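Asks: Sequence below, structure please.
(2 chains)
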There are 2 protein chains.
Amino acid sequence: MTEVSTARRSRITPEREAELYAAVLDLLREVGYDALTMDAVAARTRSSKATLYRQWGGKAELVAKAVRQNKPGASSDEVDTGSLRGDLHALTLQSDDCQMEQDSALMRGLAMAIHGNPDLLQAFREHLIEPEMAEFRRVLQRAIDRGEVRADNPAIEFVMHMMIGGFVARTMIDEKPPTQAFLLSYIDAVVLPALGVPTT
Amino acid sequence: MTEVSTARRSRITPEREAELYAAVLDLLREVGYDALTMDAVAARTRSSKATLYRQWGGKAELVAKAVRQNKPGASSDEVDTGSLRGDLHALTLQSDDCQMEQDSALMRGLAMAIHGNPDLLQAFREHLIEPEMAEFRRVLQRAIDRGEVRADNPAIEFVMHMMIGGFVARTMIDEKPPTQAFLLSYIDAVVLPALGVPTT
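Replies: Residues are numbered from 1 along each chain as shown, chains lettered A, B, ... in the order given. Prediction:
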């Protein structure tokens, strides 16, 4: 079974896959997760529903992978600038302001959908949250190895919480999408000091 | 006009107002903001729609005030323990874990509704976000006056962002509602160190 399934998967080229993901994101922005159907994806991409299910298993996984694929740096080399501040700034600068504004709207819609759809939460954890957290953990581990951050600093486990706060609260409090400039100053004012890293 | 309107407002007793707010929150939890109608509020509370509109102007203001009223400490005396850590802990301890879990679900639903309803965002800013920020500003100002926090610390303007991050990310990353214990350790690990306040 696994081999058959792998053989079938290989029929889809990377270009075709990228095309499909782009169409899924367009549909998500147009109608939202709950109203998005596999029928609509099939029609928009001129593929068969059977192919979509065979390749992705279902809507939740298809959407999570489309969002992951869309993230800048998702497939690029590891960020490693030699300092924690450099690494966190470099990760932030992977998305330009326009991309961040789009992401922010998309993620807001999906954050809502997650609470009514356990399979979407599951797919999100697997394809988005876990890889992102793993990247932060690698960046932090190198900072610990370099002696920049103490291994027992209690803020280490909250780095994702702090970063998500910057993203989400910016929209809520300031009524503005997050920008590179905002996130860089937030990293310098909040994340690095909490980790005990001097910013000057 | 203003005097007539004030006179009319005074017809509703505080008990009746609390009853109305409780009914609004029940309806919100049952159907969500978008499906909540003034007709349903009127029916549930045996009041006339005219009264509701006269008293609150509309759905957005009614909902924002109901949520505000529901917040523990909304009408209590100012928190002032003599230290920043004491004040932030005291503010956190105003809600027990059960209350926080309910709040978290309610706010998640409303955060979604806000993005499609500019009048709800407006009412939220006025009745919830602004008063909450004002409270944080007073707590921080006293910490500055006591010499605990430097007036030019760049993390001061991000205190709400950090706190919101703790709330929101807890659900997203840890799949758990925020608890008192979580928030207290987050305040000690993140918020106070970012503000340059020693926690030991």
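
Asks: how about the residue nearest the centre of chain A, what does it touch?
Replies: Nearest to the mean C-alpha position of chain A, by C-alpha atoms, centre = their mean, lies A:Leu128 at 4.8 Å. Contact analysis of A:Leu128 by C-beta atoms under 8 Å, 6 or more residues apart in numbering or on different chains lists A:64, A:67-68, A:71. Where C-beta positions appear, they are placed from N, C-alpha and C, glycine not excepted.

Asks: Could you check how far it is from B:Asp39?
Replies: The gap separating A:Leu128 from B:Asp39 is 40 Å, by C-beta to C-beta, to the nearest Å.

Asks: now swap in A:Asp34 and tell me
Replies: Per C-beta to C-beta, A:Asp34 is found 25 Å from B:Asp39.

Asks: buried set for stretch A:175-195?
Replies: The neighbour-count check on stretch A:175-195 (16 or more other C-beta atoms under 10 Å in any protein chain shown) flags A:177-180, A:182-183, A:186-195 as buried.

Asks: Ok, stretch A:141-149 next?
Replies: A:142-144, A:148-149.

Asks: That one near chain B anywhere?
Replies: No - using C-beta under 8 Å from any C-beta of the partner chain, stretch A:141-149 stays clear of chain B, coming no nearer than 11.9 Å.

Asks: List phi and psi for whichever residue of chain A sits closest to chain B.
Replies: Chain A approaches chain B most closely through A:Gly165 (1.7 Å), counting by C-beta to the nearest C-beta. Main-chain dihedrals, A:Gly165, degrees, to the nearest 10: phi -60, psi -40.

Asks: nearest residue to it other than its sequence neighbours?
Replies: Distances taken as C-beta to C-beta, 6 or more residues apart in numbering or on different chains place B:Gly165 nearest to A:Gly165, at 1.7 Å, with adjacent residues excluded.

Asks: got the contact list for that neighbour?
Replies: By C-beta under 8 Å, 6+ apart, the contact set of B:Gly165 is A:161-166, A:168-169.

Asks: now do A:Pro193
Replies: Applying C-beta under 8 Å, 6+ apart to A:Pro193 gives the contacts A:199, B:155, B:193-194, B:196.

Asks: Let's verify it: helix, strand, or coil?
Replies: Here A:Pro193 is helix, with the state taken from DSSP: H, G, I helix; E, B strand; the rest coil.

Asks: Could you do A:Val197 as well?
Replies: Recorded secondary structure, A:Val197: coil (three-state DSSP).

Asks: you'd agree it is up against A:Arg85?
Replies: Yes - in this structure, A:Val197 is within contact of A:Arg85 by C-beta atoms under 8 Å, at 6.7 Å.

Asks: re the thing from before, distance check, the residue nearest to the centre of chain A against A:Ile114.
Replies: Here the criterion is C-beta to C-beta. By it, A:Leu128 lies 11 Å from A:Ile114.

Asks: now swap in A:Ala22 and tell me
Replies: 22 Å.

Asks: Could you save the contacts of A:Leu128 as a markdown table and add columns showing distance to chain B and neighbour count?
Replies: Formatted as a markdown table, the contacts of A:Leu128 follow (distance: C-beta to the nearest C-beta, whole Å; neighbours: other C-beta atoms under 10 Å in any protein chain shown):
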| residue | distance to chain B | neighbour count |
| --- | --- | --- |
| A:Ala64 | 14 | 23 |
| A:Val67 | 14 | 22 |
| A:Arg68 | 16 | 18 |
| A:Lys71 | 16 | 16 |
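
Asks: Helices - which of those land there?
Replies: By the criterion of DSSP state H, membership of those in helices covers A:64, A:67-68.

Asks: Could you dump those residues into CSV and include pLDDT?
Replies: Listed next are the ones in helices among the contacts of A:Leu128 as CSV, based on pLDDT from 0 to 100:
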residue, pLDDT
A:Ala64, 93
A:Val67, 90
A:Arg68, 88
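
Asks: Name the nearest of the contacts of A:Pro193 relative to A:Asp119.
Replies: Distance to A:Asp119, by C-beta to C-beta, is smallest for B:Ala194 among those, at 36.6 Å.

Asks: In contact with the nearest residue to the closest one once chain neighbours are set aside, which residues?
Replies: The shortest distance from B:Ala194 to any non-neighbouring residue, by C-beta to C-beta, 6+ apart, is to B:Ala155 (4.1 Å). By C-beta under 8 Å, 6+ apart, the contact set of B:Ala155 is A:189-190, A:193, B:162, B:194-196.

Asks: So for A:Glu30, what's the pLDDT?
Replies: Here, the pLDDT recorded for A:Glu30 equals 86.

Asks: After the host helix or strand of it, heading C-terminal, what element do we hit next?
Replies: Using DSSP states H and E, A:Glu30 maps to helix A:14-31. The first helix or strand that comes after helix A:14-31 along the chain, using DSSP H and E, is helix A:38-45.

Asks: which residue ranges form the helices in chain A?
Replies: Going by DSSP H, chain A shows helices at A:2-9, A:14-31, A:38-45, A:49-56, A:59-70, A:84-92, A:97-114, A:118-124, A:130-145, A:159-174, A:180-186, A:192-194.

Asks: Quick one, grab the pLDDT at the nearest residue to A:Lys59 once chain neighbours are set aside.
Replies: In this structure, A:Lys59 finds its nearest non-sequential neighbour in A:Met38, 5.9 Å apart by C-beta to C-beta, 6+ apart. We have a pLDDT of 95 for A:Met38.

Asks: pretty sure A:Met38 contacts A:Ala50?
Replies: No - taking contacts as C-beta under 8 Å, A:Met38 lies outside contact range of A:Ala50: 10.0 Å.
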